[in-house]
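Colleague: predicted coordinates and the sequence they were generated for:
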Amino acid sequence: MKHDVVDVMDKAASKRVFDLSKSTLRELNQALHEVREGSNELVWEVQNPKGSHAVAAGIDAPISVDVRGNVGYYCAGMNSQGTVTVYGSAGPGVAENMMSGTVVIKGDASQYAGATGRGGLLVIEGDASSRCGISMKGIDIVVGGNVGHMSAFMAQSGHLVVLGNAGDALGDSIYEAKIFVRGSVKSLGADCIAKEMRPEHIAKLQELLDRAGIKDVKPEEFTRYGSARQLYNFNIDNAAAY
Amino acid sequence: MCGIVGLFLKDKSLEPQLGALLSEMLVSLTDRGPDSAGIAIYGAARDGKGKVTIQSPFPERDFPGLDAEIAKAIGEPVTMTVRSTHAVLETGIDKLEAVRDALPELRPDARVMGIGDAIEIYKEVGLPEAVAERFGLAGMSGTHAIGHTRMATESAVTTMGAHPFSTGPDQCLVHNGSLSNHSNIRRELIQKGMKFETENDTEVAAAYVSSRMADGLNLGKALESTLDDLDGFFNFVVGTKNGFGVVRDPIACKPAVMAETDQYVAFGSEYRALANLPGIEGAKVWEPEPSTVYFWEH
């Protein structure tokens, strides 16, 4: 595919620049999907996203994409290997079902950030709203601000780190994901309890903070939350309740 | 789905551009609601005058000469501005109910869309761009306006099923979501004397807010009471003569984003709707909290 006007190759930086006020989202994502192993097109920039949906979704290559502005639904969805940085805020479902790689949101994220994510690191430097990390399955999520209600709902594995406060029903019906919250928790969901911070948790949390580039915050300032394991294990004594 | 846009101006110098700004916001949310679209726009109220917006499926037949016939029926001069299937009848503020009463006999197919000092309501089936164009939305001025693009779930795709719904003078409400207890609430409101035009859930929400305001609550308190009594999913954006309010249900699964500058307060179901507003780069942009009422008044 040729992009004579809109896709400017900045030779000095070997960077491909897409201006979404001039080219279509389909052209951008198609070009990102066409990057093959051994390609030199490793650095990309997206301008004027203006709330577009699915910006840089479906990346499957070790490339870096800088998005200059606010994005809409499902930015960097299904990301695999890529590093996507949004210099703005993200709409619902950012990094949904991420497999690997890194997604960084410099502003805030709307609801269900990192939903169902299986791997990789999602960093939200501002606040995330409701249902952050819902049904997460191995992704690590670090939120610099607060998370809204029902975050980590039915979270299966991975880590949710919250430097600020958590809203209502944190970790409702949680499986084996681990949650670390530095501030207050408005309420815990069903079967989610505070747990002891053992040395391995301190070490893991320090590693996550380091990977997220967060300094001046100590793992000891956090409380760990996780499953009481009373809800998801079938217990014959509870048979009458089913 | 459904899309909501709203723009409440603080800076008078933007008033001539209100229709143009809202029109662009509305069209940007076409894919959230391609069934029908509507807007409520509040112009400057004129001393002693008020407006009745009416709609007819047969405008060529119903509108010619209607102003003179209404004037005769109510005993006061009436000026009429026709925009496609809608007409705005302007007359003395104390004669607005008389206009409403006179209409069914003079034009049985015409329906009242809204009544008040400042409100005009336009809504039709079709793509938002086509709806905005047929009414000349881009050329309208005013102090605040609310628009809606509809993807129908709870009642048929008809003109009357489109939003906004107006159930009280200068009041209007648009909705993204669906209500599950609207039949019960409708029955209760009918007992209190409210009248309904459709089977639509949103009309019940509008009537509920109107009823609470008629009980003496201000806009903010009336919106707060929706959190106690209405069950379902909702983002409501509400307009009054001087005010503009927003409320989201406690689950808050319907999207919402707001922006505020020195010049305006804006609401969009998505940021896309706000992306081209003047000064948006420097605006405070945030997602309204669940179970929280936001309102502004001039």
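Modeller: Okay, I see it. Numbering: from 1, shown residues only, chains lettered A, B, ... in the order given.

Colleague: residues from chain B in reach of chain A?
Modeller: For chain B, the residues found near chain A under the criterion C-beta under 8 Å from any C-beta of the partner chain are B:250, B:252-253, B:255, B:257, B:270-276, B:285-287, B:290. No exception for glycine: its C-beta is placed from N, CA and C like everyone else's.

Colleague: in strands only, show me those.
Modeller: Among the residues of chain B next to chain A, the members falling in strands (DSSP state E) are B:257, B:285-286.

Colleague: where does chain A dip in pLDDT?
Modeller: Along chain A, segments meeting pLDDT under 70 span A:1-13, A:241-242.

Colleague: ok, longest helix in it?
Modeller: In chain A, with assignment by DSSP state H, the single longest helix is helix A:199-211.

Colleague: which is the next helix or strand following it?
Modeller: strand A:223-227 (DSSP states H and E).

Colleague: quick one: buried residues of stretch B:228-243?
Modeller: Under the neighbour-count criterion of 16 or more other C-beta atoms under 10 Å in any protein chain shown, stretch B:228-243 has B:230, B:232-243 buried.

Colleague: so which of the residues you listed sit within strands?
Modeller: Among those, DSSP E puts B:232-239, B:243 in strands.

Colleague: redo the residues you listed as a markdown table? Include pLDDT.
Modeller: Shown next, in a markdown table, are these (pLDDT from 0 to 100):
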| residue | pLDDT |
| --- | --- |
| B:Gly232 | 96 |
| B:Phe233 | 96 |
| B:Phe234 | 97 |
| B:Asn235 | 97 |
| B:Phe236 | 97 |
| B:Val237 | 97 |
| B:Val238 | 97 |
| B:Gly239 | 97 |
| B:Gly243 | 93 |
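
Colleague: count of residues packed around B:His298?
Modeller: Neighbourhood size, B:His298 [other C-beta atoms under 10 Å in any protein chain shown]: 13.

Colleague: that one and B:Gly239, how far apart?
Modeller: Distance, B:His298 to B:Gly239, by C-beta to C-beta, to the nearest Å: 11 Å.

Colleague: could you measure from B:Leu189 over to chain A?
Modeller: Note on B:Leu189: its distance to chain A, by C-beta to the nearest C-beta, to the nearest Å, is 30 Å.

Colleague: B:Asp117 now?
Modeller: In terms of C-beta to the nearest C-beta, B:Asp117 sits 35 Å off from chain A.

Colleague: give the helix, strand or coil label for the residue lying closest to A:Gly119 once chain neighbours are set aside.
Modeller: Closest residue to A:Gly119 apart from its sequence neighbours, by C-beta to C-beta, 6 or more residues apart in numbering or on different chains: A:Ser100 at 4.5 Å. Using DSSP: H, G, I helix; E, B strand; the rest coil, the structure places A:Ser100 in coil.

Colleague: who does the closest residue to B:Asp249 other than its chain neighbours bridge with?
Modeller: Using C-beta to C-beta, 6+ apart and skipping residues adjacent in sequence, the residue nearest B:Asp249 is B:Phe234, 4.8 Å away. Note on B:Phe234: beta-bridge partners B:Gly177, judged by DSSP bridges.

Colleague: doesn't B:His175 make contact with B:Phe234?
Modeller: Yes. At 5.8 Å, B:Phe234 and B:His175 qualify as touching, with contact defined as C-beta atoms under 8 Å.

Colleague: quick check: buried residues in stretch A:35-49?
Modeller: By neighbour count with 16+ other C-beta under 10 Å, stretch A:35-49 contains the buried residues A:35, A:41, A:43-47, A:49.

Colleague: ok now that stretch, how far from the chain's centre?
Modeller: 20 Å (C-alpha atoms, centre = their mean, to the nearest Å).

Colleague: right, is that stretch up against chain B?
Modeller: No. Applying C-beta under 8 Å from any C-beta, one finds stretch A:35-49 separated from chain B by no less than 8.7 Å.

Colleague: quick check: residues of chain A near chain B?
Modeller: Selection of chain A residues close to chain B by C-beta under 8 Å from any C-beta yields A:50-52, A:70-73, A:89, A:91-92, A:108, A:110-111, A:129-130, A:148-149.

Colleague: are any of those residues buried, and which?
Modeller: Neighbour counting over those (16+ other C-beta under 10 Å) leaves A:50-52, A:70-73, A:89, A:91-92, A:108, A:110-111, A:129-130, A:148-149 as the buried ones.

Colleague: count of neighbours near the residue of the stretch 101-250 of chain B found nearest chain A?
Modeller: The nearest approach of the stretch 101-250 of chain B to chain A comes at B:Pro250, 7.9 Å away (C-beta to the nearest C-beta). Number of residues near B:Pro250 (other C-beta under 10 Å) recorded here: 11.

Colleague: what sits against it?
Modeller: Contact analysis of B:Pro250 by C-beta atoms under 8 Å, 6 or more residues apart in numbering or on different chains lists A:149, B:227, B:290-291.

Colleague: where exactly do the helices run in chain A?
Modeller: With DSSP H as the criterion, chain A has helices at A:25-33, A:199-211.

Colleague: output the ones you listed as CSV; include the columns distance to A:Gly189 and mean neighbour count.
Modeller: CSV is the format used below for the helices of chain A (distance: least, C-beta to C-beta, whole Å; neighbours: other C-beta atoms under 10 Å in any protein chain shown):
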stretch, distance to A:Gly189, mean neighbour count
helix A:25-33, 36, 17
helix A:199-211, 20, 15
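
Colleague: just send these back as a markdown table, with distance to B:Glu124 too.
Modeller: Below are the helices of chain A laid out as a markdown table (distance: least, C-beta to C-beta, whole Å):
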| stretch | distance to B:Glu124 |
| --- | --- |
| helix A:25-33 | 30 |
| helix A:199-211 | 53 |
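
Colleague: host element of B:Leu173?
Modeller: Judged by DSSP H and E, B:Leu173 forms part of strand B:172-179.

Colleague: just checking, what packs against that strand?
Modeller: Where contact means 3 or more C-beta pairs under 8 Å, 6 or more residues apart in numbering or on different chains; DSSP states H and E, strand B:172-179 is packed against strand B:3-9, strand B:36-42, strand B:144-150, helix B:201-214, strand B:232-239.

Colleague: so what touches the longest one?
Modeller: Helix B:201-214 is contacted from outside by B:154-155, B:163-168, B:171-175, B:178-179, B:182, B:185-186, B:189, B:192, B:194, B:196-197, B:219, B:221-223, B:225-226, B:229-230, B:232, B:234, B:236, B:238, B:240, using C-beta under 8 Å, 6+ apart.

Colleague: which PyMOL command selects the buried ones in the residues you listed?
Modeller: Those of the contacts of helix B:201-214 that count as buried under 16+ other C-beta under 10 Å are selected in PyMOL with:
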select buried, chain B and resi 154+163+164+165+166+167+168+171+172+173+174+175+179+182+185+186+189+194+219+222+223+225+226+230+232+234+236+238+240
